[in-house]
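Trainee: Predicted model follows, preceded by the sequence.
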Amino acid sequence: MTADLLIHRIDRLYTMAPDADGLGMIADASVAFSGDEVCYVGPHDGAPDAKITLSGQGQVGLPGLVDCHTHAVWAGSRADEFARRLAGAHYSEILESGGGILSTVRSTRAASEAELTEMARARLRGMRRQGVTTVEIKSGYGLSVAAETRILRAAAAASDVLRVVSTFLGAHTVPAEFRGDRAGYVRQVIDEQIPACAPLAECIDVYCDRGAFTLAESVAILKAGQAAGLKVKAHSEQVAHTGIAAAAAQLGAVSVEHLERLDAAGVAALADNGTVAVLLPGAQLYLKDTPPPVAALRAAGVPMAVATDLNPGSSPVHSLWTAATLSCILQGLTIDEAALGITRHAGMALGRPRLGWLGPGSAADLALFSPPPGEPATISSLIQHMGGREASLVIQDGRRTHGVDSLDR
């Protein structure tokens, strides 16, 4: 067999494969691709011949990274809100006074689809340079049928940069024009937005919290989305405990996200239903919040993913590597947990089990990284040093999407 592309003699490859010990580390490893499939992962001396061979010497190899929670389609700035929070204003207070998410809604509604697409593409190109091959993009800055569908179309158009998994989040908050009619907006989400947006999305999400949606409203919206064929996700237990994490898990949610105020019943529900906990240390940092109950999640065997929560207000974090480092420092994850959190567990959080690992049946995605100067080629070196390193090479679906010519042999 002759492969189409071979990445040869990678110093250390971390496959993150489900059946591997630990992170599935292979020293002096090679990965080969045939079309958009992985055809070899293993020691260099067993690698096939290939039409194109690139050197992985001195590099750390990982599956393509997965950022499983972002709001990467938006317009406008929230720099003034950042200053208000530094002066002591609470995030929910800003939202309830018409700022926060509602400020971004006004700017995003005013932007054209072409403008939204180009801004999203620019953000995704920055992610790709850091080894990300898959990004989840939530809507939620439109809060009307026309604006929500425009956001989801922009996300789809930006998939020419990275693989995009789209999530409908019309239930992000109640828009200004419905502030006197919450029930009317919930009906619009269920009766109008979901039918229009479900064909453009894979998942449905809801922000169940103080200043957003109640538990009963959130469950009704999630059930309607599920009936329309969407996978369930939920912004859960961030500002106040609501019970949405357990309720979403019992609906079969692929993930629940944030979780700063997750209780024991919520942890048990995640464990019992195979739901992934998505941790968002950037939001915790920017909002000066407390960490999720990581020790309890670990003890219960709940898979933990890590994401940037990239958005213009509560987590303007563009680097998934920074999120991984912060998950260790602020939330207590181990290096191995953080590494799985931005790879295989992140794929699980999207309901995409082929993503975030390397081996027979996986997505044909690979990223190579040079370690910091003087550091060994290990995952520990990459996570310890804050501020994400640019990838030397990125392969998505078996083809090179980012890389330097110095790797060519």
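Mentor: Looks like it came in fine.
Trainee: Find the nearest non-adjacent residue to Gly361, please.
Mentor: Among residues not flanking Gly361 along the chain, Arg354 sits closest, at 6.6 Å (C-beta to C-beta, 6 or more residues apart in numbering). Any C-beta I mention is one placed from the backbone N, CA and C, and that applies to glycine too.
Trainee: Around the one you found, how many other residues sit close by?
Mentor: 12 (other C-beta atoms under 10 Å).
Trainee: can you pull the contacts of it?
Mentor: Neighbour list for Arg354: 347, 361-363 [criterion: C-beta atoms under 8 Å, 6 or more residues apart in numbering].
Trainee: Give me the contacts around the host helix or strand of Met348.
Mentor: Here Met348, judged by DSSP states H and E, is contained in helix 344-349. For helix 344-349, contacts defined as C-beta under 8 Å, 6+ apart pick out 16-18, 63, 65-69, 134, 233, 254-255, 276, 278, 303-307, 353-357, 363.
Trainee: Using neighbour counts, trim those residues to the buried set.
Mentor: Applying 16 or more other C-beta atoms under 10 Å to the contacts of helix 344-349, the neighbour count classes 16-17, 63, 65-69, 134, 233, 254-255, 276, 278, 303-307, 355-357, 363 as buried.
Trainee: Looking at the residues you listed, which are in strands?
Mentor: Cross-referencing the buried ones among the contacts of helix 344-349 against strands under DSSP state E gives 63, 65-67, 134, 233, 255, 276, 278, 304-306.
Trainee: does Gly35 really touch Asp4, like I thought?
Mentor: Yes. Using C-beta atoms under 8 Å, Gly35 is in contact with Asp4, at 6.3 Å.
Trainee: Show me the common contact partners of the two, please.
Mentor: With C-beta under 8 Å, 6+ apart as the test, Gly35 and Asp4 both reach Gly398.
Trainee: Show me which of these two is the more surrounded one.
Mentor: Set Gly35 next to Asp4 and count neighbours by other C-beta under 10 Å: Asp4 wins out with 17 against 12.
Trainee: Surely that one forms part of a helix?
Mentor: No. Counting by DSSP: H, G, I helix; E, B strand; the rest coil, Asp4 is not part of a helix but strand.
Trainee: my guess is it contacts Ile52, does it?
Mentor: Yes. The pair formed by Asp4 and Ile52 meets the contact definition of C-beta under 8 Å, at 6.9 Å.
Trainee: what's the burial count for the closest residue to Val31 other than its chain neighbours?
Mentor: Nearest residue to Val31 in three dimensions, chain neighbours excluded: Ile7, at 4.9 Å (C-beta to C-beta, 6+ apart). Neighbour count of Ile7, defined by other C-beta under 10 Å: 26.
Trainee: which ones are touching Ile7?
Mentor: Ile7 neighbours (C-beta under 8 Å, 6+ apart): 30-32, 53-56, 61, 366, 368, 393, 395.
Trainee: which residues in the stretch 301-409 of the chain form strands?
Mentor: Taking DSSP state E, counting those that start in this stretch as the test, the strands found in the stretch 301-409 of the chain are 304-306, 366-369, 393-396, 399-403.
Trainee: Give the burial count for Thr334, as a bare number.
Mentor: For Thr334, using other C-beta under 10 Å, the count is 13.
Trainee: Let me know the pLDDT of it.
Mentor: You'll see Thr334 listed with a pLDDT of 98.
Trainee: correct me, but it touches Cys328?
Mentor: Yes. Counting by C-beta under 8 Å, Thr334 does reach Cys328; the two are 7.1 Å apart.
Trainee: Give me the buried subset of the contacts of Ile7.
Mentor: For those, buried by 16+ other C-beta under 10 Å: 30-32, 53-56, 61, 366, 368, 393, 395.
Trainee: Can I get those residues in a markdown table including distance to Gly313?
Mentor: Putting those into a markdown table (distance: C-beta to C-beta, whole Å) gives the following:
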| residue | distance to Gly313 |
| --- | --- |
| Ser30 | 44 |
| Val31 | 39 |
| Ala32 | 44 |
| Thr53 | 46 |
| Leu54 | 40 |
| Ser55 | 43 |
| Gly56 | 39 |
| Gly61 | 35 |
| Leu366 | 34 |
| Leu368 | 34 |
| Leu393 | 34 |
| Ile395 | 34 |
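Trainee: Just put those in TSV and tack on pLDDT.
Mentor: Formatted as TSV, the buried ones among the contacts of Ile7 follow (pLDDT from 0 to 100):
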residue	pLDDT
Ser30	98
Val31	98
Ala32	98
Thr53	97
Leu54	97
Ser55	97
Gly56	97
Gly61	98
Leu366	98
Leu368	98
Leu393	98
Ile395	98
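Trainee: picking up where we left off before, redo the ones in strands among the buried ones among the contacts of helix 344-349 as TSV? Include distance to Gln226 and pLDDT.
Mentor: Converted to TSV, those look like this (distance: C-beta to C-beta, whole Å; pLDDT from 0 to 100):
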residue	distance to Gln226	pLDDT
Pro63	29	98
Leu65	28	98
Val66	23	99
Asp67	24	98
Thr134	23	98
Lys233	11	98
Ser255	14	98
Val276	17	99
Val278	18	99
Met304	24	99
Ala305	21	99
Val306	26	99
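Trainee: Quick check: the two most widely separated of the residues you listed?
Mentor: Within those, Pro63 and Lys233 form the most distant pair, 21.6 Å apart (C-beta to C-beta).
Trainee: residue contacts, Trp321?
Mentor: Counted by C-beta under 8 Å, 6+ apart, Trp321 has contacts 130, 342, 382-383, 387-389.
Trainee: any idea which of the residues you listed has the most stuff around it?
Mentor: Counting by other C-beta under 10 Å, top hit in the contacts of Trp321: Ile342 with 29 neighbours.
Trainee: and the gap between that residue and Val66?
Mentor: Distance, Ile342 to Val66, by C-beta to C-beta, to the nearest Å: 7 Å.
Trainee: Could you name every residue contacting both of the two?
Mentor: In contact with both Ile342 and Val66: 305, 356, using C-beta under 8 Å, 6+ apart.
Trainee: Am I right that Leu310 is in contact with Thr322?
Mentor: No. The pair Leu310 and Thr322 fails to qualify as a contact (C-beta under 8 Å) at a distance of 10.7 Å.
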